[in-house]
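> give me a 3D structure for the following:
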Amino acid sequence: MVDFFQSQMSNLSEELCEKLCLAVDELLANAIEHGCRVEPKSSCELTYIRTPRMILIQVRDAGPGFELGAITHAAVNNPPENPLRHLHLRSEMGMRPGGFGIMLVKQIADDLIYNECGNEVVFVKYI
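Take a look at the predicted model:
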């Protein structure tokens, strides 16, 4: 997938292309790992739309979804006074280290919109 996106963004700066590929990789990985639970019979759908001024990427998975505010094991929900709280929570839950993905994607995106049930996300970057 990254090769495809790199080919579609060849006229953008290398830095922006790298950031966009990172965002796509993270959104797809979340959909596969958390939405589809790495179930081979489940599927993810990816839509890529590019205009002269914008890149829009939509990722939808077959999972039940989630509520963004309820995932306390993700850095995006850490309180400002405790920016590493999620690392302790992940350890208590027996999860692998990580949890920075959504926060990282939010830093790259100009807009990141989840649908109501949380199994679809739209990433917007103005160029």
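
> quote the end-to-end distance of stretch 115-125.
Stretch 115-125 has an end-to-end distance of 18 Å (CA to CA, to the nearest Å).

> list the buried ones in it?
118, 119, 120, 121, 122, 123, 125 (16 or more other CB atoms under 10 Å). (Glycine included, C-beta is placed from N, CA and C.)

> what does that stretch rub up against?
Stretch 115-125 is contacted by residues 20, 23-24, 27, 35, 54-68, 105, 108-114 when judged by CB atoms under 8 Å, 6 or more residues apart in numbering.

> show the average pLDDT along that stretch.
The pLDDT scores in stretch 115-125 average 96.

> among the buried residues of stretch 115-125, which lie within strands?
Members of the buried residues of stretch 115-125 lying in strands (criterion: DSSP state E): 120, 121, 122, 123, 125.

> now the helix ranked longest in the chain, how far from the centre of its chain.
Secondary structure of the chain per DSSP state H: the longest helix is helix 14-30. Its chain's average C-alpha position is 8 Å from that of helix 14-30, according to CA atoms, centre = their mean, to the nearest Å.

> quick check: buried residues in it?
Buried residues in helix 14-30, defined by neighbour count with 16+ other CB under 10 Å: 17, 19, 20, 21, 23, 24, 26, 27, 28, 30.
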